[in-house]
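**Q** Quick one, fold the following:
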Amino acid sequence: MMAQLSKLDTPTRNPNREPIKHILMGSSQAVTSTIHHLQMIGYASVGDWSPLLPTGNADEVMSILIRQILI
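**A** Numbers count the residues shown, from 1 in each chain. Below is the predicted model:
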């Protein structure tokens, strides 16, 4: 899991931009459905999210999206 997170966690090059991390946690069906809904409304592509990762809780996964925002 750490290798995937560090790959997503790239340093910011522009001082006016800052990374923000979105974390979805829930059943695989709920997380996948939410990811697809966010793509439908134009917020983030399905491919921008990490693969579903187990959380250690029964029947629960998480997916992470890191975006750069202007501050």
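
**Q** Tell me how far the most far-flung residue of the chain relative to its centre lies from Ile41.
**A** Relative to the C-alpha centroid of the chain, counting by C-alpha atoms, centre = their mean, Pro15 is the outermost residue, at 22.1 Å. In this view, Pro15 and Ile41 are 30 Å apart by C-beta to C-beta, to the nearest Å. For glycine as for every other residue, the C-beta is placed from the backbone atoms N, C-alpha and C.

**Q** which helices and strands sit right next to the helix or strand hosting Ile20?
**A** Ile20 belongs to strand 17-26 when assigned by DSSP states H and E. Using 3 or more C-beta pairs under 8 Å, 6 or more residues apart in numbering; DSSP states H and E, the elements in contact with strand 17-26 are helix 28-40, strand 61-70.

**Q** switch to 10 Å and redo it
**A** helix 2-8, helix 28-40, strand 61-70 (3 or more C-beta pairs under 10 Å, 6 or more residues apart in numbering; DSSP states H and E).

**Q** what's the closest of those to Asp48?
**A** strand 61-70 (5.6 Å; C-beta to C-beta).

**Q** for that closest one, packing partners?
**A** helix 2-8, strand 17-26, helix 28-40, strand 53-54.

**Q** Could you take these and lay them out as JSON lines, with extra columns for distance to Val61?
**A** Shown next, in JSON lines, are these (distance: least, C-beta to C-beta, whole Å):
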{"stretch": "helix 2-8", "distance to Val61": "13"}
{"stretch": "strand 17-26", "distance to Val61": "7"}
{"stretch": "helix 28-40", "distance to Val61": "5"}
{"stretch": "strand 53-54", "distance to Val61": "6"}
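
**Q** Would you mind putting the ones you listed into JSON lines with distance to Glu60, mean neighbour count and mean pLDDT alongside?
**A** Converted to JSON lines, the helices and strands packed on strand 61-70 look like this (distance: least, C-beta to C-beta, whole Å; neighbours: other C-beta atoms under 10 Å; pLDDT from 0 to 100):
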{"stretch": "helix 2-8", "distance to Glu60": "17", "mean neighbour count": "10", "mean pLDDT": "47"}
{"stretch": "strand 17-26", "distance to Glu60": "6", "mean neighbour count": "14", "mean pLDDT": "96"}
{"stretch": "helix 28-40", "distance to Glu60": "9", "mean neighbour count": "14", "mean pLDDT": "98"}
{"stretch": "strand 53-54", "distance to Glu60": "8", "mean neighbour count": "14", "mean pLDDT": "98"}
